[in-house]
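*Asks:* coords below, sequence missing:
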């Protein structure tokens, strides 16, 4: 008999003629395509004009002018036939819809908390939580707050404090869990501020800021112990919880024989509450979530939700969305899917690395991150290497990517005007779930390798207009001469 190996601990029979083992290296999508959407081809000259008209900001491009869109994996995935069937079952009653109770049951089965609050997306969950418990002067530590999380905390008057392990700041460090929290630094933070100033600790799984890096359960247990000692709740940002569970299964001793669902449940058992953008690891085009045990916090959150989102049983979502998300929470934990998802991301990373393109390692689950400072080593920080690389990649190949670095997190001192730049200036290639094939990924690899060969010809950029909050979404740029 021949066995085809589909990844770690996965063998399936092919035929009953030999006893040898055949290893299939080609990554195949564990689904077949039922509906297609045409992509528009454009010339380099056309793309140069389009990005210039968009003030050199890829966020300002029209989607129809993008060939392969790797700007984000948020809300850009493809729904399954079962999810579309759920859409047709959607109960659009204003209050008490059947769809909410199906959604609530799916969430409670996985997260295990008493209160389930739907929202229209992750940043709505962040805002509601901040409105309920965050006050001016508070400090919220975590492993790495992403853009909207940091903005919502700061808008509430709090300080968003990143406490990653030292290896997280080294793009080449081989640590298997670079999303981990620096537990000693957390202990010092809580000892200094205490529960009076720290409403909660927020750990993001996986950590988007440092390259989609996972958090180990060992680290989460240590973080929970520190939180319990100081009387501070532990919360999770669980947007990519399933991918984190798969990394735990593959990398953390003692978990190889556990299912992703079992690992996810063990993860959520360590936290007092969780918020989630369900546009990632729930295959949603829209949707968010707050899951928690604290009755008083839940009441405050629901009161604010009614003011801005909708009734607590729909939270700004249609019944059809709730149905699709309930199905997605189940599908995202399928081992065949997760094996393919992580392997296909690593496929891009390995080929780029082998070709000499500087990438962050180990490779994350939802994206490959290019080290823009090494890629564009001729550009100083004030010439925005990561943003310049994003623009060059679009002009060269029609690929839209996202900078996570100098533009997103760099800040000028209001008194001196001098800039503080983040530890990493990265370009994120975020892969929408179940959307692109391996041929699309080969095109992305070829484009970046070609661009790397002439990287020193990539011109720098400068700000023309920079909003104070979340500048990357709407800022305008121009070529930087001299």
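*Replies:* All right, it came through fine. Note that the structure is predicted; figures quoted are calculated from it, not measured.
*Asks:* for beta bridges, what are the partners of residue 367?
*Replies:* When bridges are called by DSSP bridges, residue 367 pairs up with residue 430.
*Asks:* what's the answer for residue 142, then?
*Replies:* Beta-bridge partners for residue 142, by DSSP bridges, are residue 162, residue 202.
*Asks:* residues contacting it?
*Replies:* For residue 142, the contacting residues are 160-163, 181, 201-204, 237, by CB atoms under 8 Å, 6 or more residues apart in numbering. Placement of C-beta: from N, CA and C, glycine included.
*Asks:* how about the strands in the stretch 351-482 of the chain?
*Replies:* With DSSP state E, counting those that start in this stretch, the ranges of strands along the stretch 351-482 of the chain come out as 367-371, 399-400, 402-404, 411-412, 419-420, 426-430, 461-465, 476-479.
*Asks:* and the second one, what does it pack onto?
*Replies:* This points to strand 399-400. Packing partners of strand 399-400 (3 or more CB pairs under 8 Å, 6 or more residues apart in numbering; DSSP states H and E): strand 68-69, helix 385-397.
*Asks:* can you list those in CSV and add distance to residue 153 and mean pLDDT?
*Replies:* As requested, the helices and strands packed on strand 399-400 are exported to CSV (distance: least, CB to CB, whole Å; pLDDT from 0 to 100):
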stretch, distance to residue 153, mean pLDDT
strand 68-69, 29, 96
helix 385-397, 23, 97
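*Asks:* pick the most buried one from those.
*Replies:* Mean neighbour counts were compared across those using mean count of other CB atoms under 10 Å; the top stretch is helix 385-397, at a mean of 26.
*Asks:* counting by contacts, list what that one packs against.
*Replies:* In this structure, helix 385-397 packs against helix 44-53, helix 372-375, strand 399-400, strand 402-404, helix 406-409, strand 426-430, helix 438-453, strand 461-465, with contacts taken as 3+ CB pairs under 8 Å, 6+ apart.
*Asks:* spit out the contact partners of the residue most central in space within the chain.
*Replies:* What sits nearest the mean C-alpha location of the chain, by CA atoms, centre = their mean, is residue 208, with 5.1 Å. The neighbourhood of residue 208, defined by CB under 8 Å, 6+ apart, consists of 144, 146, 239-240, 366, 404.
*Asks:* okay, these in a markdown table with distance to residue 27 and pLDDT next?
*Replies:* Supplementary listing: the contacts of residue 208 in a markdown table, determined by distance: CB to CB, whole Å; pLDDT from 0 to 100:
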| residue | distance to residue 27 | pLDDT |
| --- | --- | --- |
| 144 | 29 | 91 |
| 146 | 28 | 84 |
| 239 | 24 | 94 |
| 240 | 20 | 95 |
| 366 | 16 | 93 |
| 404 | 25 | 92 |
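*Asks:* quick one: buried ones out of those?
*Replies:* 144, 146, 239-240, 366, 404 (16 or more other CB atoms under 10 Å).
*Asks:* using a markdown table, please lay out the residues you listed together with distance to residue 73.
*Replies:* Listed next are the buried ones among the contacts of residue 208 as a markdown table, based on distance: CB to CB, whole Å:
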| residue | distance to residue 73 |
| --- | --- |
| 144 | 17 |
| 146 | 13 |
| 239 | 9 |
| 240 | 8 |
| 366 | 5 |
| 404 | 13 |
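*Asks:* and residue 207, what are its bridge partners?
*Replies:* When bridges are taken as DSSP bridges, the partners of residue 207 come out as residue 213.
*Asks:* pretty sure it contacts residue 175?
*Replies:* No - because the distance of 12.0 Å does not satisfy CB atoms under 8 Å, residue 207 is recorded as not touching residue 175.
*Asks:* identify the contacts common to those two.
*Replies:* With contacts taken as CB under 8 Å, 6+ apart, residue 207 and residue 175 have residue 168 as neighbours in common.
*Asks:* okay, those two: which has more neighbours?
*Replies:* residue 207 (29 against 16; other CB atoms under 10 Å).
*Asks:* find me the pLDDT at the more buried one, would you?
*Replies:* On the pLDDT scale, residue 207 is placed at 91.
*Asks:* repeat for residue 253
*Replies:* Residue 253 carries a pLDDT value of 97.
*Asks:* likewise residue 165?
*Replies:* The confidence metric pLDDT takes the value 96 at residue 165.
*Asks:* before we move on, the earlier item: of the strands of the stretch 351-482 of the chain, which is nearest residue 388?
*Replies:* Minimum separation from residue 388 across the strands of the stretch 351-482 of the chain (CB to CB) falls at strand 461-465, 5.0 Å.
*Asks:* ok, residues contacting that closest one?
*Replies:* Strand 461-465 has contacts (CB under 8 Å, 6+ apart) with 55-56, 382-384, 387-388, 391, 475-480.
*Asks:* farthest pair in those residues?
*Replies:* By the measure CB to CB, 55 and 382 form the most distant pair in the contacts of strand 461-465, at 18.2 Å.
*Asks:* mind showing which ranges of the chain have poor pLDDT?
*Replies:* 1-24, 482 (pLDDT under 70).
*Asks:* scan it for its longest helix.
*Replies:* Scanning the chain for the longest helix, with DSSP state H as the assignment, gives helix 335-354.
*Asks:* packing partners for that helix?
*Replies:* Helix 335-354 packs on helix 241-251, strand 367-371, helix 438-453, going by 3+ CB pairs under 8 Å, 6+ apart.
*Asks:* got the angle between it and strand 367-371?
*Replies:* Computed with axes from the mean of the first three to the mean of the last three CA atoms, to 10 degrees, the direction of helix 335-354 lies at 20 degrees from that of strand 367-371.
*Asks:* give the buried residues for helix 335-354.
*Replies:* Neighbour counts over helix 335-354 (16+ other CB under 10 Å) mark 335, 337-342, 344-349, 351-352 as buried.
*Asks:* next one: phi and psi at the spatially closest residue to residue 111 that is not a sequence neighbour?
*Replies:* With sequence-adjacent residues excluded and distances taken as CB to CB, 6 or more residues apart in numbering, residue 111 is closest to residue 291, at 4.2 Å. When read as degrees, to the nearest 10, the backbone of residue 291 gives phi -130, psi 120.
*Asks:* which strand residues bridge residue 291?
*Replies:* residue 116, residue 274.
*Asks:* residues near it, how many?
*Replies:* Burial measure for residue 291: 26 neighbouring residues, criterion other CB under 10 Å.
*Asks:* repeat for the one 4 residues further on
*Replies:* Other residues within reach of residue 295 by the criterion other CB under 10 Å amount to 10.
*Asks:* which residues does it contact?
*Replies:* The neighbours of residue 295, taking CB under 8 Å, 6+ apart as the test, are 114-115.
*Asks:* other residues contacting stretch 72-80?
*Replies:* The set of residues that contact stretch 72-80 without belonging to it, under CB under 8 Å, 6+ apart, is 31, 69, 87, 121-122, 239, 277, 279-280, 283-286, 324, 327-328, 331, 366-367, 402, 430-435.
*Asks:* hmm, which of these are the buried ones?
*Replies:* In terms of neighbour count (16+ other CB under 10 Å), the buried residues within the contacts of stretch 72-80 are 69, 87, 121-122, 239, 277, 279-280, 283-286, 324, 327-328, 331, 366-367, 402, 430-435.
*Asks:* same list (the contacts of residue 142) but as TSV, adding distance to residue 257 and neighbour count.
*Replies:* Output for these, formatted as TSV (distance: CB to CB, whole Å; neighbours: other CB atoms under 10 Å):
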residue	distance to residue 257	neighbour count
160	37	20
161	37	19
162	34	21
163	32	22
181	26	26
201	30	28
202	30	26
203	25	29
204	27	26
237	28	26
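*Asks:* show me the chain divided up by domain.
*Replies:* 1-27, 44-66+335-479, 81-331 (automatic domain parsing).
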